[in-house]
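[1] Curious how this folds, go ahead:
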Amino acid sequence: MNLNPLAYQLSSRVSLVEISERHIAIVKLVKSRIIQKDAAKIVEMVKKIQSVDKGMQVSLLCSHNICSKSLALLAKENVQVIYKD
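    I've put the predicted structure just below:
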């Protein structure tokens, strides 16, 4: 189910889906590679969501086009990556 990003003080261009109760995902299905700069922005979005809703688990839903540095940054920040083919 799609969620309203404005409820979490995010841009209306951000796509959020509910994975389960108390677990949402930021959807980033792009053809280009997700680089470390993009991952840093995703971490900031996760922090915003968690500042609004403290117990919310936030993941990234993306394709396999993600660099290893991005994966390392997301793992360091405890952001789970879910791959969609």
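[2] Spell out the residue ranges of the strands in the protein.
    Ranges of strands within the chain are 2-3, 15-20, 23-28, 57-62, 80-83, based on DSSP state E.
[3] need the helices for this structure, in chain order.
    Under the criterion DSSP state H, the chain contains helices at 36-52, 68-76.
[4] The longest one packs against which elements?
    Secondary structure elements in contact with helix 36-52, counted by 3 or more C-beta pairs under 8 Å, 6 or more residues apart in numbering; DSSP states H and E, are strand 23-28, strand 57-62, helix 68-76. The C-beta positions use only the backbone N, C-alpha and C, and glycine is treated the same way.
[5] Below-threshold pLDDT in the protein: ranges please.
    Residues of the chain meeting the criterion pLDDT under 70: none.
[6] How far away from the center of its chain is stretch 73-85?
    8 Å (C-alpha atoms, centre = their mean, to the nearest Å).
[7] Can you give the contact residues for it?
    Stretch 73-85 has contacts (C-beta atoms under 8 Å, 6 or more residues apart in numbering) with 19, 25, 29, 36, 39-40, 42-43, 46, 57-64, 66, 71.
[8] hang on, the earlier thing: mean neighbour count and distance to residue 2 added to the helices of the chain, as a markdown table?
    Below are the helices of the chain laid out as a markdown table (neighbours: other C-beta atoms under 10 Å; distance: least, C-beta to C-beta, whole Å):
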| stretch | mean neighbour count | distance to residue 2 |
| --- | --- | --- |
| helix 36-52 | 16 | 15 |
| helix 68-76 | 15 | 22 |
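[9] closest one to residue 4 among these?
    Minimum separation from residue 4 across those (C-beta to C-beta) falls at helix 36-52, 11.8 Å.
[10] then the closest one to PDB, C-alphas only?
    Extracted in PDB, the C-alpha atoms of helix 36-52 (Å, rounded to 0.1, in the frame of the first residue of the first chain):
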ATOM      1  CA  GLN A  36      27.000   6.800  -2.400                       C
ATOM      2  CA  LYS A  37      25.600  10.300  -2.700                       C
ATOM      3  CA  ASP A  38      22.100   8.900  -3.300                       C
ATOM      4  CA  ALA A  39      22.500   6.600  -0.300                       C
ATOM      5  CA  ALA A  40      23.400   9.500   1.900                       C
ATOM      6  CA  LYS A  41      20.100  11.200   0.800                       C
ATOM      7  CA  ILE A  42      18.200   8.000   1.600                       C
ATOM      8  CA  VAL A  43      19.800   7.800   5.100                       C
ATOM      9  CA  GLU A  44      18.600  11.400   5.700                       C
ATOM     10  CA  MET A  45      15.000  10.400   4.600                       C
ATOM     11  CA  VAL A  46      15.200   7.400   7.000                       C
ATOM     12  CA  LYS A  47      16.200   9.700   9.800                       C
ATOM     13  CA  LYS A  48      13.300  12.100   9.000                       C
ATOM     14  CA  ILE A  49      10.800   9.200   9.000                       C
ATOM     15  CA  GLN A  50      12.100   7.900  12.300                       C
ATOM     16  CA  SER A  51      12.000  11.400  13.900                       C
ATOM     17  CA  VAL A  52       8.300  11.500  13.100                       C
END
